[in-house]
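Peer 1: Need a 3D model of the following:
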Amino acid sequence: MRIAGVGFNCIDIYDNLNKHYPTGNSVDFIVHMSRFGAEAAMVSVVGSDPYGEMMLDMLRKENVDVSHMQVREGRTAVFKMDLNGNDRVHKEKIEGVMADFALTPQDREFIAGCRAMHTNLSGKVEGELAGFRSGGVEVVFDFSTRTTREIAGPVLPDTDYAFFSYPREDEYILAFIRWAQERGPKVAVVTLGEHGSLAYDGDRLYREGIVPAEVVNTVGAGDSFCAGFMYAALSGRTVQESLRSGAETAAKVVAKFEPY
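Peer 2: Residues are numbered from 1 along each chain as shown. Next up, the predicted model:
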């Protein structure tokens, strides 16, 4: 099972805590996939600064293929972070070399040979998804908290698995998850924080609770949930079993400071 994370990567920096680590939505996802046993690769760009080397070193240590990680003169993307209690707060994104990221022909050929790819709205590859999907690559897209039809609508037709985050179960999200799945994905998934998760496959609405954990930092919770769900789903497990796998993976991550 070869899977590629495609697009945004960065260094999260907590100045007030004197902590930083390599991360990014697809980075967190692909690290978990590697730990599960998948053949994992990251396709993105880092700068020529020490943060770029930090990212590459971490991915290599996690047995993630970095042969399609471009290195360009300039700064690696960073996110200035803070904690509100144990809930992470994104303060400022500085894109650095990610601002001009684009796939090369070699990147496209590599991704076309993968079973699945994961990306998000910061990945700068939305315009390429239809081509990958028509070639048989399963597209996993994490919309995070963007639960609006205006933002999700243009991307959903080119998506196989769509992930969203929302604070609670209510009438809005129940209508939204059905609307999202009807736009094209096989399955639409919504994580609800401490209230569990939902999934809809066109036939049935699934609900799953959380796995209790002592929360240290919520950063990476959604990314790890997505990885746990997708490894189970791509391994042939049911939607309900995949939701449980996502919850189990997320519980292990929120109990630590780093996102994987």
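
Peer 1: contacting residues for residue 196?
Peer 2: The neighbours of residue 196, taking Cβ atoms under 8 Å, 6 or more residues apart in numbering as the test, are 207, 208, 209, 210, 247. For every residue, glycine as well, the C-beta is placed using N, CA and C.

Peer 1: same thing with residue 253?
Peer 2: Residue 253 is in contact with 220, 221, 223, 224, 259, 260, counting by Cβ under 8 Å, 6+ apart.

Peer 1: Among those residues, which one is most surrounded by other residues?
Peer 2: For the contacts of residue 253, the largest number of neighbours (other Cβ atoms under 10 Å) sits with residue 223, at 30 neighbours.

Peer 1: okay but that residue is in contact with residue 140, surely?
Peer 2: No. Counting by Cβ atoms under 8 Å, residue 140 is not a contact partner of residue 223; they are 11.2 Å apart.

Peer 1: so what sits against both of these two?
Peer 2: Residues within reach of residue 223 and of residue 140 at once, by Cβ under 8 Å, 6+ apart, are residue 29.

Peer 1: Serialize the contacts of residue 253 to JSON lines and add fields for distance to residue 125.
Peer 2: Listed next are the contacts of residue 253 as JSON lines, based on distance: Cβ to Cβ, whole Å:
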{"residue": "220", "distance to residue 125": "21"}
{"residue": "221", "distance to residue 125": "24"}
{"residue": "223", "distance to residue 125": "17"}
{"residue": "224", "distance to residue 125": "22"}
{"residue": "259", "distance to residue 125": "21"}
{"residue": "260", "distance to residue 125": "22"}
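
Peer 1: if we take these, which one ends up nearest to residue 191?
Peer 2: Lowest distance from residue 191 to these (Cβ to Cβ) belongs to residue 221, with 7.5 Å.

Peer 1: Look up the pLDDT of residue 87 for me, please.
Peer 2: Per-residue confidence (pLDDT) for residue 87: 69.

Peer 1: actually residue 54, not the one I wrote
Peer 2: Looking at residue 54, its pLDDT is 97.

Peer 1: Residue 118 too?
Peer 2: pLDDT, read off for residue 118, is 98.

Peer 1: how about JSON lines for the contacts of residue 253, with secondary structure, pLDDT and distance to residue 24 added?
Peer 2: Listed next are the contacts of residue 253 as JSON lines, based on DSSP: H, G, I helix; E, B strand; the rest coil; pLDDT from 0 to 100; distance: Cβ to Cβ, whole Å:
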{"residue": "220", "secondary structure": "coil", "pLDDT": "77", "distance to residue 24": "10"}
{"residue": "221", "secondary structure": "helix", "pLDDT": "84", "distance to residue 24": "15"}
{"residue": "223", "secondary structure": "helix", "pLDDT": "92", "distance to residue 24": "9"}
{"residue": "224", "secondary structure": "helix", "pLDDT": "93", "distance to residue 24": "13"}
{"residue": "259", "secondary structure": "coil", "pLDDT": "79", "distance to residue 24": "9"}
{"residue": "260", "secondary structure": "coil", "pLDDT": "83", "distance to residue 24": "11"}
